[in-house]
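Novice: sharing a sequence plus its predicted fold:
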Amino acid sequence: MNVITVMTNKISRLAVCLIGVALAGQSLGLARSEEPEVLIASDVLVGDDEVTRPTKETPIWYYLYGGSERSLGQSVAGERMPPQSEFEQQLTDMLAKQGFVRSEMGGAMPSIIIVYSFGSANLDIMEWSDSSMDAEGNETTSTDGIILNHREMATLTGASKARFEQLNSDQIDAINEAMAEDRLYVQLAAFDAEALKTKKKRMLWRTSMTISSRRNSLSTAFPAMLASAAPYFGADIKTPAVITEDDRRNTSVDLGDLEVIENDVSDSDEKSPR
């Protein structure tokens with residue numbers, strides 16, 4: 001089993017070390033381009049007997065809630081967030097293409113509640129220095145530290161699941177880069193509407209999409225982020241996916257056993273292998 005160990009570097013923010021990795025799977029390159037490359041992580045948190053992906057015959061009704069801005073780590077200075085009305089319209093359109101139908105107050109009873117959040121994300125490292133005397137009586141100073149938001153960042157970038165998979169060097173580099181740099185993100189979480197009636201928070205699935213903050217802004221990049229992540233809503237993937245502008249021009253995205261047609265609702269309700 002491969003292990004991803006995250007530890008603080010004494011010099012920089014590059015705090016991710018992946019150990020014992022075998023070559024397998026497809027390359028996840030993060031080459032720079034004018035259009036944002038979007039890193040997707042998606043998890044299904046319930047059993048295979050529960051349907052999390054719609055079909056043409058059985059759409060999934062949802063109620064949209066949220067719109068909260070949340071910074072994970074230090075906020076990215078000067079970052080403008082997308083207007084809520086524009087974001088929700090784009091999100092509703094992308095969900096509709098996948099077979100998720102929005103329910104308004106007084107309308108059809110939803111089976112799930114989709115909560116969304118967005119903001120900036122980076123490793124929040126608390127560092128400290130220790131002084132000591134060496135054998136010759138000279139004072140030396142060392143720096144140590146701890147990552148305060150490792151779990152949140154690992155979930156957002158897909159590192160928490162990828163550590164159990166066989167990865168190639170490009171995949172390792174992609175995850176390292178996403179963990180180490182300043183990112184902008186959007187995250188959707190779907191909750192069981194029936195359970196919420198009894199004040200129980202039962203999350204069914206979660207999809208995260210992140211981009212580099214360098215030369216990108218959420219206020220302009222969110223349409224590309226949502227379009228990239230839409231075929232993964234309600235699906236489970238073992239390793240993060242990187243979606244490029246060329247990928248977004250394609251008419252379909254293959255998720256292993258599940259093929260989702262971006263301009264229509266999938267014919268299959270199978271989830272990709274866990």
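Specialist: Nice, I can see it.
Novice: show me what the nearest residue to residue 236 once chain neighbours are set aside is bridged to.
Specialist: Nearest-residue entry for residue 236: residue 44, 3.8 Å, with adjacent residues in sequence omitted and distances by CB to CB, 6 or more residues apart in numbering. Backbone N, C-alpha and C define where each C-beta goes, glycine included. Partner residues in beta bridges with residue 44: residue 205, with DSSP bridges as the criterion.
Novice: quick one: residue 44 and residue 204 touch, right?
Specialist: Yes. With contact defined as CB atoms under 8 Å, residue 44 counts as touching residue 204 (7.2 Å).
Novice: mutual contacts of those two, please.
Specialist: With contacts defined as CB atoms under 8 Å, 6 or more residues apart in numbering, the residues adjacent to both residue 44 and residue 204 are 52, 234.
Novice: which ones are touching residue 47?
Specialist: With contacts taken as CB under 8 Å, 6+ apart, residue 47 has no neighbouring residues.
Novice: so it is in which element?
Specialist: Residue 47 is part of no helix or strand, with elements assigned from DSSP states H and E.
Novice: just the pLDDT for it.
Specialist: According to the prediction, residue 47 has pLDDT 93.
Novice: could you do residue 75 as well?
Specialist: According to the per-residue confidence, residue 75 scores 63 in pLDDT.
Novice: next one: residue 8
Specialist: What the model reports as pLDDT for residue 8 is 34.
Novice: okay, now residue 214: neighbour count?
Specialist: Counted with other CB atoms under 10 Å, residues neighbouring residue 214 total 11.
Novice: ignore the last one, residue 249
Specialist: Residue 249 sits with 8 neighbouring residues when counted by other CB under 10 Å.
Novice: ok, it to residue 230 distance?
Specialist: With distances defined as CB to CB, to the nearest Å, the gap from residue 249 to residue 230 amounts to 14 Å.
Novice: and residue 205, by the same measure?
Specialist: Distance, residue 205 to residue 230, using CB to CB: 13 Å.
Novice: hmm, residue 118 and residue 69 touching each other?
Specialist: Yes. Taking CB under 8 Å as the definition, residue 69 is a contact partner of residue 118 at 6.2 Å.
Novice: which stretches in this protein count as helices?
Specialist: With DSSP state H applied, the chain shows helices at 84-97, 150-157, 159-162, 169-180, 193-197, 218-229, 245-249, listed in chain order.
Novice: mean pLDDT and distance to residue 114 added to these, as JSON lines?
Specialist: Compiled in JSON lines, those are given as follows (pLDDT from 0 to 100; distance: least, CB to CB, whole Å):
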{"stretch": "helix 84-97", "mean pLDDT": "93", "distance to residue 114": "7"}
{"stretch": "helix 150-157", "mean pLDDT": "82", "distance to residue 114": "17"}
{"stretch": "helix 159-162", "mean pLDDT": "82", "distance to residue 114": "21"}
{"stretch": "helix 169-180", "mean pLDDT": "83", "distance to residue 114": "24"}
{"stretch": "helix 193-197", "mean pLDDT": "92", "distance to residue 114": "10"}
{"stretch": "helix 218-229", "mean pLDDT": "92", "distance to residue 114": "12"}
{"stretch": "helix 245-249", "mean pLDDT": "84", "distance to residue 114": "22"}
